[in-house]
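Chemist: quick check, what structure comes out for this input:
(chains A and B)
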Amino acid sequence: MSRKILEVKSISKRFGGLQAVSNLSFDIAEGEILGLLGPNGAGKTTAFNLIAGFFQADEGEIKFEGKQIRGMLPYQICRAGIARTFQLSKPFGGLSALENIMVGAFAREKSRPAARDEACAVLDFLGMADKADIDANDLTAFDKRKLELGRALATRPRLLLMDEVVAGATPSEAGEMVDLVKRVRNRGVTILIVEHVMKVIMGLSDRVIVMEQGQLIANGVPAEVVRMPSVLKAYFGEGYVSGGEYVSASA
Amino acid sequence: MNLKTKNATATLGLPLLAITAVVPLVVKDAYTLHSLTMIIYFAYMASAWNFVCGYVGQMSLGHSVFAGVSGYVTVLLFTGTGLSPWGGMLLGGCMAAVLSTFIGYPTFKLKGPYFTLTTIAFAEIVRIWLENTDEFMGIPLKGAQGLVVPPSPLGWQVFQFDGKVAYYYIALALLIVMLAATIALERSRLGYYLKAIRGDRNGAEALGINPTRYSLVALSISAFMTGLGGAFYAQFFRYINPERNMGLDLSIDTAIMSIVGGQGTVLGPVLGALILHPLAELTRSYLGGRFLGLHLIIYGVVLIVAVLYFPKGVIVPLERWLQRSGKSKR
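Modeler: Residues are numbered from 1 along each chain as shown, chains lettered A, B, ... in the order given. As a prediction, the model looks like this:
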């Protein structure tokens, strides 16, 4: 069993009367792609933001490479080695694609030429070298998404948190993104991915965890997890649990 | 800064600089020189404002407090201790920078209009306090009456000169330093970070940028530069008072010049000052006496037109035109 890169222990987060995340524990092994699933409002994005430091957990522990990161701010967490993407990608307008990625590269490279070299390498990796000088706001929606991934990669993370990477993408774009995520992992980056599209999660994840109403309800290999009654109940409701046919339909 | 804008900045800026440098050799009229010096002064102040507000995308309407504080420090040190205004200017600039971090630390956490309102509040509190304080801890502030710079034997040491030419070149030197600082900013990590914060604060934070820290660095540099400008103004007029040197008018003027010209660009604020200050001067001198307030109406109409047709600043279509004509020549 390889080393655990991230350990989440009993974290909870309450917004007023809503318990968004309650007593959530899971961990990620180094080099793994872990999918985080759950119906709308299950607390996936909240859990994601707790790890990334955008929300502060009310209780529990979050350890990255053995060090406590709970209570750290987003920019400190990035410097520690965790990068993230957002559900809605907003490029830095007025900067070109290359310059957008340079902003990320400056996290590790202090000089402009070094940051530029790093950003060029990342653009190559994304297959966007020909779009380096285009104003980021003028890119297509999917290129903006790739650009955001590139920005995150330029900070040289060891753990990458990805929120809904294929939302709104065409099937061929989704395929390209899946491919890209796999290549990112092959560079030695561990990945936690929040996703709605089952096909993407199934094809990509080594392991998935499922949340419902702030709690963890399943943890395992994708093919097994989608057959678990608790998961089916969370997604489709009580009436569908007995019939097995819907499982294959959804997977 | 990408290559295209760099070229446009050079093709626009260098000839402008060359003309500005030789003007006093040709123009001898004191009034004209005075007006030109004021344009350069406003170009400088708008550029200093732009250094933080244009790049970080937060509108301060309290920058006049930095000019005022530094102006007062300079004049008070000169009259009280005999310190050369050059030294006072640097000290005043430093005080403005320190003050700016006190103002900026709590306010940069606010967004949009809340940030703007807080900067106005800070500046107005200081101005109103100063207007109503004749003496503070033994320092004669003289309230709304203001302070006069006592005349001394002319010379560099005391920052007092015969005629306008010396002041003209000092203002020009300040402006060149300011523009060089802005160009350096465009090419530095700080510049990229500020633009990222402007584009998407959360996104910037996720890339390891501490928004408050980098905004504060830029603000303190901007406040220091604004302070130098305030001290220059005090020496140029040999008089300083809270209304003129610290009032809301000064803050609004610098902000508007920067916005109309093009904030977040090197030459935008210069262009804004070049358009708006002469306009204000001319309408005031030709219309101010006959139709009370008409000059303000015309000024207002030009502002509306500029903002409607060039929302990103007059510099944007100008640079595009320069690029196009540059290309067709090649």
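
Chemist: drop to CA atoms for contacts and neighbour counts, all remaining ones
Modeler: Will do.

Chemist: which SS state does whichever residue of chain B sits closest to chain A fall under?
Modeler: Taking C-alpha to the nearest C-alpha as the measure, the point where chain B comes nearest chain A is residue B:208, at 3.8 Å. Applying DSSP: H, G, I helix; E, B strand; the rest coil to residue B:208 yields a three-state assignment of coil.

Chemist: run a quick neighbour tally on it.
Modeler: Look at residue B:208: counted by other C-alpha atoms under 10 Å in any protein chain shown, it has 28 neighbours.

Chemist: before we move on, what about residue B:191?
Modeler: For residue B:191, the count of nearby residues is 24 (other C-alpha under 10 Å).

Chemist: contact partners of whichever helix or strand it is part of?
Modeler: In this structure, residue B:191 sits in helix B:189-199 according to DSSP states H and E. Residues external to helix B:189-199 that are found in contact with it (C-alpha atoms under 8 Å, 6 or more residues apart in numbering or on different chains): A:90-95, A:99-100, A:103, A:106, A:110-112, B:55-58, B:185-186, B:203-205, B:209, B:211, B:214-215.

Chemist: now a ChimeraX select for only the buried ones of these.
Modeler: Command for ChimeraX that selects the buried part of the contacts of helix B:189-199, burial taken from 16 or more other C-alpha atoms under 10 Å in any protein chain shown:
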select /A:90,91,92,93,94,95,99,100,103,106,112 /B:55,56,57,58,185,186,203,204,205,209,211,214,215
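
Chemist: thinking again about what came up before, surely the residue of chain B closest to chain A touches residue A:109?
Modeler: No - the pair residue B:208 and residue A:109 fails to qualify as a contact (C-alpha atoms under 8 Å) at a distance of 12.0 Å.

Chemist: contacts only, for residue A:23.
Modeler: When the contact criterion is C-alpha under 8 Å, 6+ apart, the partners of residue A:23 are A:9, A:10, A:11, A:12, A:60, A:215.

Chemist: now do residue A:7
Modeler: Counting by C-alpha under 8 Å, 6+ apart, residue A:7 makes contact with A:25, A:26, A:27, A:28, A:61, A:62, A:63, A:64, A:66.

Chemist: just to revisit the earlier point, leaving out chain neighbours, which residue sits closest to the residue of chain B closest to chain A?
Modeler: Spatial nearest neighbour of residue B:208, excluding adjacent residues (C-alpha to C-alpha, 6 or more residues apart in numbering or on different chains): residue A:75 at 3.8 Å.

Chemist: which phi and psi does that neighbour have?
Modeler: When read as degrees, to the nearest 10, the backbone of residue A:75 gives phi -70, psi -30.

Chemist: residues making contact with the helix or strand hosting residue A:160?
Modeler: Using DSSP H and E, the element containing residue A:160 is strand A:159-163. Where contact means C-alpha under 8 Å, 6+ apart, the residues beyond strand A:159-163 that reach it are A:5, A:45, A:48, A:52, A:81-87, A:152, A:189-195.

Chemist: restrict these to contacts with chain B.
Modeler: Residues of the contacts of strand A:159-163 in contact with chain B (C-alpha under 8 Å from any C-alpha of the partner chain): A:52, A:83, A:84, A:86, A:152.

Chemist: restricted to helices, list the residues you listed.
Modeler: Within those, membership in helices is found for A:52, A:152, as judged by DSSP state H.

Chemist: taking the ones next to chain B among the contacts of strand A:159-163 together, which two end up most distant?
Modeler: In those, two members sit farther apart than any others by C-alpha to C-alpha. They are A:52 and A:152, at 12.4 Å.

Chemist: need the residues of the stretch 1-150 of chain A near chain B, please.
Modeler: Within the stretch 1-150 of chain A, the positions near chain B by C-alpha under 8 Å from any C-alpha are A:52, A:74-79, A:83-84, A:86, A:90-95, A:99-100, A:103-104, A:106-107, A:110-112.

Chemist: ok, which stretches of the stretch 51-200 of chain A are strands?
Modeler: With DSSP state E, counting those that start in this stretch applied, the stretch 51-200 of chain A shows strands at A:59-64, A:67-68, A:82-84, A:159-163, A:190-194, listed in chain order.

Chemist: and among those strands, the most buried is which?
Modeler: When neighbours are counted by mean count of other C-alpha atoms under 10 Å in any protein chain shown, the highest per-stretch mean among these falls to strand A:82-84, a mean of 29.

Chemist: close to chain A: what parts of chain B are there?
Modeler: Residues of chain B that fall close to chain A, judged by C-alpha under 8 Å from any C-alpha: B:187-189, B:192-193, B:195-196, B:198-200, B:203, B:205-210.

Chemist: just to revisit the earlier point, need the contacts of residue A:23 in TSV with secondary structure and distance to residue B:138, can you?
Modeler: Rendered in TSV, the data for these read as follows (DSSP: H, G, I helix; E, B strand; the rest coil; distance: C-alpha to C-alpha, whole Å):
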residue	secondary structure	distance to residue B:138
A:9	strand	61
A:10	strand	61
A:11	strand	58
A:12	strand	58
A:60	strand	57
A:215	strand	66
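
Chemist: redo those as TSV? Include pLDDT.
Modeler: What follows is the contacts of residue A:23, written out as TSV (pLDDT from 0 to 100):
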residue	pLDDT
A:9	93
A:10	92
A:11	94
A:12	93
A:60	92
A:215	90
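
Chemist: farthest-apart pair in the residues you listed, please.
Modeler: Of all pairs drawn from the contacts of residue A:23, the one with the largest separation by C-alpha to C-alpha is A:60 and A:215; the distance is 13.7 Å.

Chemist: that older thread, among the residues of chain B next to chain A, name the buried ones.
Modeler: Buried among these (16+ other C-alpha under 10 Å): B:189, B:192-193, B:195-196, B:198-199, B:203, B:205-210.

Chemist: so how far is residue B:247 from the closest residue to chain B within the stretch 101-250 of chain A?
Modeler: Sorted by distance to chain B under C-alpha to the nearest C-alpha, the residues of the stretch 101-250 of chain A start with residue A:104, at 5.4 Å. Note on residue A:104: its distance to residue B:247, by C-alpha to C-alpha, to the nearest Å, is 40 Å.

Chemist: give me the low-pLDDT residue ranges for the chain?
Modeler: Looking at chain A here, since you left the chain open. For chain A, applying pLDDT under 70 flags the ranges A:1, A:239-251.

Chemist: hmm, no, I was thinking of chain B.
Modeler: Within chain B, the set of residues satisfying pLDDT under 70 comprises B:1-7, B:288-289, B:326-330.

Chemist: give me the residue at the spatial middle of chain A.
Modeler: Centroid check for chain A by C-alpha atoms, centre = their mean gives residue A:162 as the closest residue, at 1.8 Å.

Chemist: relative to residue A:220, how far out is it?
Modeler: Applying C-alpha to C-alpha, the value for residue A:162 to residue A:220 is 19 Å.

Chemist: equivalent analysis for residue A:104, please.
Modeler: Using C-alpha to C-alpha, one gets 34 Å for the distance from residue A:104 to residue A:220.

Chemist: between the two, which has more neighbouring residues?
Modeler: Set residue A:104 next to residue A:220 and count neighbours by other C-alpha under 10 Å: residue A:104 wins out with 32 against 16.

Chemist: list the contacts of the more buried one.
Modeler: Residue A:104 makes contact with A:151, A:152, A:153, A:154, A:155, B:207, B:208 under the criterion C-alpha under 8 Å, 6+ apart.

Chemist: what is the nearest of those to residue A:203?
Modeler: When the contacts of residue A:104 are ranked by distance to residue A:203 (C-alpha to C-alpha), residue A:153 comes first, at 21.7 Å.

Chemist: what's the local residue count around that closest one?
Modeler: 25.

Chemist: that one and residue A:122 touch, don't they?
Modeler: Yes - with contact defined as C-alpha under 8 Å, residue A:153 and residue A:122 form a contacting pair (7.4 Å).

Chemist: residue in the stretch 1-150 of chain A nearest to chain B?
Modeler: When distances are taken as C-alpha to the nearest C-alpha, the stretch 1-150 of chain A reaches nearest to chain B at residue A:75, 3.8 Å away.

Chemist: who touches that residue in this structure?
Modeler: The neighbours of residue A:75, taking C-alpha under 8 Å, 6+ apart as the test, are B:205, B:206, B:207, B:208, B:209, B:210.

Chemist: many thanks, have a good one.
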